[in-house]
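J.: task: produce atomic coordinates for the following.
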Amino acid sequence: MSGAPSNFVDLHCHSTASDGTLTPTQVIDLAERQTLSAIALTDHDTVAGVAEAAARAAELGIDFLPGIEISASFPDPGTLHLLGYGIDPNSAALQAMASELIGGRDARNPKIVARLQELGIKITMEEVEAAANGGVVGRPHIAGILLKKGYVNTIKQAFNVYLGHGGSAFFDKERLESRDAIARIHASGGLAVLAHPTQLRTQNAAELDRVVKGLVDQGLDGIETIHSDHNDRDVATFEALAKQYGLLRTGGSDYHGGNKPAISLGHAAGRRIPAVYFEALKARLTVS
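T.: Next up, the predicted model:
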C-alpha cells in the first residue's frame, strides 16, 4: 500500500456499476491512498462491480467485502435501504433480484426523460446512457446532464426540482418488500444491515424503535450507526438500538465520487469507521 494501513475502513460506497463516478478499480485505488485497511463495495441493486473491485483489492492487499445496497418498500416520505454484506455475487437469488430491480429502473428512466422533454428540457436517453458509461443508468446521470446544460445549478437542485420525491419528473422505481430483501441477502450467504436509518424519516423514537424491531423480526443482522448523514445524537441513538437488539454495528461514507462531492471515502461527517466493524462482520459471516 502507498502508506501503512490505518485502523479505519469504509463499508458503504458506490462505483460506476451503479451511480458513482469512479470505476470499481478506482474506488479501491482511492481506498489505498486513504490508507483504509478494508472496504466494502455496495452498489445499488447490482453486484456488477464486485469482481473487479475484489481483484484490485487483492492486488493491493486491502481486505474486501462484497456488498450490495437494496431499496425496499417504505411509506413516504422516508426511504428504506438494506445493505447486504458478504454476499455471493453468483448467487441465483441475488442475480434474479438484481435483474428484477435493474429492469424496473431501466423502465423508469425513459419515463423521466420523456417528462423532462415535456417540460421543455432538451435531453435524450442516448445522452443519459452515454453519461452512465456502460454502468447502471440512474437519476444521478440525468441530474448530471441537467447540471451540465445549465437547467440547474447543483445536483441537489436537480433532485429537489425534478427528480426527487415531489419533483416534476419523479417516477418511483421497483422495490422489494423488506422481508423479501432480507431473505434474498441471507439466501446469498450475506448479512442484512439497515442503511442510514435517518432516511427512514421516522417522527419520534417510538416509531424508529417500532420500525427497527419489525426488521429485526424479519431477520435484520445489523444497523449502520456511522454515516455521512448522521450527527452525534443520531450515532448515539443507533448505537443504543444496536445494543438493545443485538445488532452488528456498521459504518460508511456513502461515497459516490463526483455525484456527492462533499463526501470523502473513509470519512463520515468528521468521523472514521473503526476496523472492528469490519472484523465483526467477518466473524459473523465465518460463524454463519
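
J.: average pLDDT across stretch 97-111?
T.: The predicted model gives stretch 97-111 an average pLDDT of 86.

J.: can you point out the buried residues in it?
T.: Taking 16 or more other CB atoms under 10 Å as the neighbour-count basis, stretch 97-111 is seen to contain the buried residues Met97, Ala98, Leu101, Ile102, Gly104, Arg105, Arg108, Asn109. C-betas here are computed from N, CA, C, even on glycine.

J.: next: stretch 130-139.
T.: Neighbour-count burial for stretch 130-139 flags Ala131, Ala132, Gly135, Val136, Val137, Gly138, Arg139 (criterion: 16+ other CB under 10 Å).

J.: then stretch 206-213?
T.: Taking 16+ other CB under 10 Å as the criterion, stretch 206-213 shows Leu208, Asp209, Val211, Val212 as buried.

J.: what's the most distant pair in those?
T.: The most widely separated members of those, counting by CB to CB, are Asp209 and Val211 (7.4 Å).

J.: ok, and what's touching stretch 173-189?
T.: When contacts are taken as CB atoms under 8 Å, 6 or more residues apart in numbering, the neighbours of stretch 173-189 outside the stretch itself are 68, 70-74, 80, 82, 84, 86-88, 91, 93-94, 97, 100-101, 103-105, 107-108, 191-192, 214-215, 218-220, 285, 288.

J.: mind checking the end-to-end distance for that stretch?
T.: The straight-line separation of the ends of stretch 173-189 (CA to CA, to the nearest Å) is 26 Å.

J.: do the same with stretch 32-44
T.: Between the opening and closing residues of stretch 32-44 there is a gap of 23 Å (CA to CA).

J.: could you give the mean pLDDT of it?
T.: The average pLDDT for stretch 32-44 rounds to 97.

J.: list the buried residues in it.
T.: When burial is assessed from 16+ other CB under 10 Å, stretch 32-44 yields the following buried residues: Glu32, Gln34, Thr35, Leu36, Ser37, Ala38, Ile39, Ala40, Leu41, Thr42, Asp43, His44.

J.: so what's the residue count around Ile155?
T.: 20 (other CB atoms under 10 Å).

J.: about what we covered before: which members of the buried residues of stretch 206-213 occur in strands, if any?
T.: With strands identified by DSSP state E, none of the entries of the buried residues of stretch 206-213 belong to them.

J.: between those residues, which is closest to Ile123?
T.: Closest to Ile123 out of the buried residues of stretch 206-213 is Val211 (36.8 Å), distances taken as CB to CB.

J.: now the closest one: how far from Cys13?
T.: Between Val211 and Cys13 the distance is 25 Å, computed by CB to CB, to the nearest Å.

J.: and for Ser37?
T.: Using CB to CB, we find Ser37 at a distance of 15 Å from Cys13.

J.: and for Ala51?
T.: Here Ala51 is placed at a distance of 16 Å from Cys13 (CB to CB).

J.: out of the buried residues of stretch 130-139, which one sits closest to Glu118?
T.: Checking the buried residues of stretch 130-139 against Glu118 by CB to CB gives Arg139 as the nearest, at 17.2 Å.

J.: got the contact list for the closest one?
T.: Residues touching Arg139, when contacts are defined by CB under 8 Å, 6+ apart, comprise Asp19, Ile112, Phe159, Leu163.

J.: the first one touches Asn133, doesn't it?
T.: No. Because the distance of 11.7 Å does not satisfy CB atoms under 8 Å, Asp19 is recorded as not touching Asn133.
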